[in-house]
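Peer 1: My questions concern the predicted model and sequence given below.
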Amino acid sequence: MSRAQNHEFQEWWNKQRQFWDESSGAFLTVEIRSPPPAADPATVEKMKGHAHTRSARQLSWLWILKLHQLAASVGWLAVASVHILRTANRRIATSPPDSSSRLYKSIKLFLFLVISLLCFELVAYFKGWHFSPPDVTEAEEAVARAYAKWLEIRAGYLAPPLQALTNVCVLLFLIQSVDRLVLMLGCFWIKFRRLKPVAAMEYGSVEEDGGGEEYPMVLLQIPMCNEREVYQQSIAAICVQDWPKDRMLVQVLDDSDESECQLMIKAEVQKWQQRGIHIVYRHRLMRTGYKAGNLKSAMSCDYVKDYEFVAIFDADFQPGPDFLKKTIPYFKGNDDLALVQTRWTFVNKDENLLTRLQNINLSFHFEVEQQVNGVFINFFGFNGTAGVWRIKALEESGGWLERTTVEDMDIAVRAHLCGWKFIYLNDVKCLCELPESYEAYKKQQHRWHSGPMQLFRLCFFDILRSKISMGKKANLIFLFFLLRKLILPFYSFTLFCIILPLSMFLPEAELPAWVVCYVPGVMSILNILPAPRSFPFIVPYLLFENTMSVTKFNAMISGLFRFGSSYEWIVTKKLGRSSENDLVSIAENEVEPLMEASSLHRSSSESGLAALNKLETTKRGGKKRRNRLYRKELALALILLTASVRSLLSAQGIHFYFLLFQGISFLVVGLDLIGEQVS
C-alpha cells in the first residue's frame, strides 16, 4: 500500500530555495524525490529515514553557504569602502584650499547651526512637542523649558527678519522673471517679424572680384596662452579665410610660458608663412594684463594703422572660410557701427551632462539676450571672440585696458558710452569648445561673474556723466549690471541655499510653494526653448543652476568688494575636441575651390591638408589632472539634506522633494561627479 508524499518538507524546502534564488542566486540545487507509488512499506520506511538524514545534511550545507556569502559580502563592502576612502582622500589632498574662504567659513557655521537645530527638533518630535508645545510654566525638564523658550524666540525675534528678507528676495526673483519673460517676447517678435540686420552689399568670390580695393584691410588676431591642444586648428581655420591674402594679416599673439609650446606654435606659423599667408608670431617679454595686455601690445604695432578692421578669435574658435565675407559688409555705409558679433556653436555640446547644461545657458544668451539687445538697443556685451571691431572705434574708446578680467565687456561699455553701435548676427556661427570638467567651468564662471562687478564699480560714474540718453543709462545700470549681473546670483543663492533650508527650522517664516517650484519651472522652460533638443534635461538644468549659484555669488561678492580672487585669471582648459576631422572636412569641402586660382595657393592647400592629417598625437600635457572635492558644495549639500529631514518631520511635501533633490545635486557637484572624469 503506497504512502502519501511528504508535502510539508517539500513545501518548506521549495520556499527556502526560492528565497535564496531570488536574493542572491541559486547556491544549492537539490532534487527531492518522493518514493515511488508502488514501493513496499519496508522500502518506504527506509527511504523516509534517509530523507530525514539528507535534509539535515542539506541544512548544514545551506548555512555554510549562507556564511560564505556573508563573508564574501563583507569582503566586498570592505574593499569598496577602502576604495571610496582612498578616492576621497586623494580628492581632498588635491582640492583647492577653500578653508581660508570667508564664504566657506560662513557655510560651515551655518551647517553646524542647522545640524544642532535638527537634533533639537528630533528630540521635540519624539516627545510629541510639535503637536502640543510644552507650557513654560508647567514644564519641569530643562529640555522642555529650552524648547519652549526656543519657540518664543523663533516666533518673536527670528522669523520676522527672515520673512522680510524672504519677501525682498521673492520680489527680486519676480522682477528678474519678468525680465526673462520680456526678453522671450522680444525674441518671439523678432522671429515673427523676421527682423535681422541687412548688409549694404555682398562680396562675391575672390577670383571674380580680383581682390580689388573694395576689400578692406583686415587684421585677424589669435590671442593664446599655453594652448597646445587647439593652436593648430585655430590657426588653420583663420588662415584659410576666403579673403584676398594681401588684404589680411594674421597675428598669433602667444603668451605661453612653456618653451616647448612656444616652439610648436612658432613652427606652425612658419608653415603657413611658407604657403603664402601673411601671418606673424608675437610673444611678449613682459606678460602683464592677461588677454587685455596681449591685445593692447598687438595694437601698438606700427603696421596696424594700415588696417581698418580687426577680427578677434580665441584659440579654440574655428570660423568658417566665409566669416569675413559675412561680417565685413555690415560696416559698409554704417560709419557709427563699431562691432559685429557672431554666434557661438559648440562642437562638444553633447559630450557629457555638463556640456549639455552649458549649451542650454549659452543658447539662451545668444538666441535671446544678445539678439534682442542687438535689435532693439544696438548694444550688448562683447563676447571677447568671434567678433569684428572697427579699429577707429577701439582707439576712440580708449583701447584695451587691463583694469578688469572682462576686458571684452569693458571695451564694449566704453564704446557704447562714446555713441558707437553694435550688430549681432545670429545666423553667422563660429565653432568653439565648451569646458568639459567642472573645475574648468567653475573657474570660467568665477571670472565671468567677478569681472562685471569690478567694471560696474569702475565705470558707474562714467555712465552717469556720459552723453547717452537716460534710457540707455538706465539700461546699463539697472538691467545690464544690477539685474543680470548682481541681483540674479544674489537672490538665487540667498533664496534657495540659505532662506529655504532656514525656513524649515523657522516655519513662521513662510516660503510659498510657487516660489520654490512653479515659477522656477516656468523660467526653466523659457530658458530651454532656444535649445529644444535639451528639453529632457530641464530638471537637471534647474537644479544645476541653483547649484552654480554659490560660485556665482562668491564671484560677485569678490568682484564687488575687490577681494583677491576677483583678479584671478586662469585660462579655460581645452581638450581639442574639434580638431582633425572638422578641419579636414572644411578643407576638402570649402578650401580647395577657393585656392584653385593660384598654383601657390593650391599647393599650399594640399600641403596644409597633409599637415592637418599629421597632427601630433603625443602632445605632452601639463600637470596630471585629478577629480576633486569641492568643500563649499559638499557643505551646502549637507545643509540642504539636513533641512529636508526637518521638512519631512513637518510633512512639507514639495519643500522636502526640492530640498532632497537640490541637496543631491550639490552632493554630485561637490564630489566632482559631473563633467569629465579623470582617472
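Peer 2: All right, it came through fine.
Peer 1: how distant is stretch 244-261 from the center of its chain?
Peer 2: 30 Å (Cα atoms, centre = their mean, to the nearest Å).
Peer 1: Just the C-alpha atoms of that stretch, please, in PDB.
Peer 2: Once non-C-alpha atoms are left out, stretch 244-261 reads as follows in PDB (Å, rounded to 0.1, in the frame of the first residue of the first chain):
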ATOM      1  CA  PRO A 244      42.500  88.400 -50.600                       C
ATOM      2  CA  LYS A 245      45.700  87.400 -49.000                       C
ATOM      3  CA  ASP A 246      47.300  90.800 -49.500                       C
ATOM      4  CA  ARG A 247      44.300  92.400 -47.700                       C
ATOM      5  CA  MET A 248      44.600  90.400 -44.500                       C
ATOM      6  CA  LEU A 249      47.200  89.800 -41.800                       C
ATOM      7  CA  VAL A 250      47.000  87.100 -39.100                       C
ATOM      8  CA  GLN A 251      48.600  87.900 -35.700                       C
ATOM      9  CA  VAL A 252      49.300  84.900 -33.500                       C
ATOM     10  CA  LEU A 253      49.600  86.500 -30.000                       C
ATOM     11  CA  ASP A 254      51.300  83.900 -27.900                       C
ATOM     12  CA  ASP A 255      51.500  84.500 -24.200                       C
ATOM     13  CA  SER A 256      52.700  80.900 -23.400                       C
ATOM     14  CA  ASP A 257      55.200  80.500 -20.600                       C
ATOM     15  CA  GLU A 258      56.100  76.900 -21.700                       C
ATOM     16  CA  SER A 259      59.100  77.000 -24.100                       C
ATOM     17  CA  GLU A 260      58.000  73.800 -25.800                       C
ATOM     18  CA  CYS A 261      54.600  75.200 -26.500                       C
END
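Peer 1: Next, the buried residues of that stretch.
Peer 2: Under the neighbour-count criterion of 16 or more other Cβ atoms under 10 Å, stretch 244-261 has 244-245, 247-256, 261 buried. All C-beta spots, glycine's among them, are computed from the backbone N, C-alpha and C.
Peer 1: Of these, just say which sits nearest to Ala124.
Peer 2: Asp255 (60.8 Å; Cβ to Cβ).
Peer 1: Test my guess that that closest one contacts Arg282.
Peer 2: No: contact criterion Cβ atoms under 8 Å: Asp255 and Arg282 do not qualify, at 9.3 Å.
Peer 1: and Val198, that's in a strand?
Peer 2: No: checked against DSSP: H, G, I helix; E, B strand; the rest coil, Val198 lies outside a strand; its state is coil.
Peer 1: ok, now which ones touch Tyr541?
Peer 2: Contacts of Tyr541 were listed using Cβ atoms under 8 Å, 6 or more residues apart in numbering, and they are Leu357, Ile360, Ser524, Asn527, Ile528, Ser534.
Peer 1: Could I get the full set of helices for the stretch 101-250 of the chain?
Peer 2: 102-127, 142-153, 159-193, 206-209, 231-239 (DSSP state H, counting those that start in this stretch).
Peer 1: What's the local residue count around Gly653?
Peer 2: Close neighbours of Gly653, defined as other Cβ atoms under 10 Å, add up to 11.
Peer 1: mind listing the helices for the stretch 451-600 of the chain?
Peer 2: 470-474, 488-493, 500-505, 513, 519-528, 538-560, 580-586, 592-595, 599-613.
Peer 1: what do you get for the stretch 301-450 of the chain?
Peer 2: Along the stretch 301-450 of the chain, counting by DSSP H, counting those that start in this stretch, helices occupy 323-327, 353-364, 371-376, 391-396, 407-417, 438-465.
Peer 1: Run through the neighbouring helices and strands of the third one.
Peer 2: Taking 3 or more Cβ pairs under 8 Å, 6 or more residues apart in numbering; DSSP states H and E as the contact definition, the neighbouring helices and strands of helix 371-376 are helix 159-193, strand 421-432.
Peer 1: Nearest approach to Ala199 belongs to which of the ones you listed?
Peer 2: Relative to Ala199, the nearest member of these by Cβ to Cβ is strand 421-432, separated by 9.4 Å.
Peer 1: My read is that Lys291 contacts Val406, right?
Peer 2: No: assessed by Cβ under 8 Å, Lys291 is found out of contact with Val406, at 9.9 Å.
Peer 1: Name the residues contacting each of those two.
Peer 2: Gly384.
Peer 1: Just the endpoints, please. Distance across stretch 482-500?
Peer 2: 23 Å (Cα to Cα, to the nearest Å).
Peer 1: cool, and stretch 478-496?
Peer 2: 23 Å.
Peer 1: sorry, back to before: select, from the buried residues of stretch 244-261, the two members most distant in space.
Peer 2: The most widely separated members of these are Pro244 and Cys261, with 31.5 Å between them, by Cβ to Cβ.
Peer 1: ok, so what distance separates the residue nearest the centre of the chain from Lys442?
Peer 2: Nearest to the geometric centre of the chain sits Gln358, at 4.8 Å (Cα atoms, centre = their mean). In this view, Gln358 and Lys442 are 12 Å apart by Cβ to Cβ, to the nearest Å.
Peer 1: show me the contacts for Phe380.
Peer 2: When contacts are counted by Cβ under 8 Å, 6+ apart, Phe380 touches Gln341, Glu369, Gln370, Asn373, Gly374, Ala412, Phe422, Tyr424.
Peer 1: so where's the stretch 151-300 of the chain uncertain?
Peer 2: 206-212 (pLDDT under 70).
Peer 1: run the last query once more with 80
Peer 2: 204-213, 287 (pLDDT under 80).
Peer 1: circling back to that earlier point, redo the helices of the stretch 301-450 of the chain as JSON lines? Include mean pLDDT and distance to Gly128.
Peer 2: Putting these into JSON lines (pLDDT from 0 to 100; distance: least, Cβ to Cβ, whole Å) gives the following:
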{"stretch": "helix 323-327", "mean pLDDT": "96", "distance to Gly128": "72"}
{"stretch": "helix 353-364", "mean pLDDT": "95", "distance to Gly128": "44"}
{"stretch": "helix 371-376", "mean pLDDT": "95", "distance to Gly128": "57"}
{"stretch": "helix 391-396", "mean pLDDT": "96", "distance to Gly128": "72"}
{"stretch": "helix 407-417", "mean pLDDT": "96", "distance to Gly128": "58"}
{"stretch": "helix 438-465", "mean pLDDT": "93", "distance to Gly128": "45"}
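Peer 1: The ones you listed: which one's closest to Leu337?
Peer 2: Of those, nearest to Leu337 by Cβ to Cβ is helix 391-396, at 8.2 Å.
Peer 1: Could I get the contacts of Phe380 in a markdown table, plus columns for distance to Glu402 and neighbour count?
Peer 2: Shown next, in a markdown table, are the contacts of Phe380 (distance: Cβ to Cβ, whole Å; neighbours: other Cβ atoms under 10 Å):
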| residue | distance to Glu402 | neighbour count |
| --- | --- | --- |
| Gln341 | 22 | 28 |
| Glu369 | 27 | 20 |
| Gln370 | 25 | 22 |
| Asn373 | 26 | 20 |
| Gly374 | 27 | 23 |
| Ala412 | 16 | 27 |
| Phe422 | 23 | 24 |
| Tyr424 | 26 | 25 |
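Peer 1: with these in mind, which one is nearest to Leu109?
Peer 2: Relative to Leu109, the closest of these is Glu369; by Cβ to Cβ it sits at 36.6 Å.
Peer 1: Give me the neighbour count for the nearest residue to the closest one once chain neighbours are set aside.
Peer 2: Leaving out its chain neighbours, the residue that sits closest to Glu369 by Cβ to Cβ, 6 or more residues apart in numbering is Leu183, at 6.2 Å. Neighbour count for Leu183, taken as other Cβ under 10 Å: 20.
Peer 1: Thanks again, I'm all set now.
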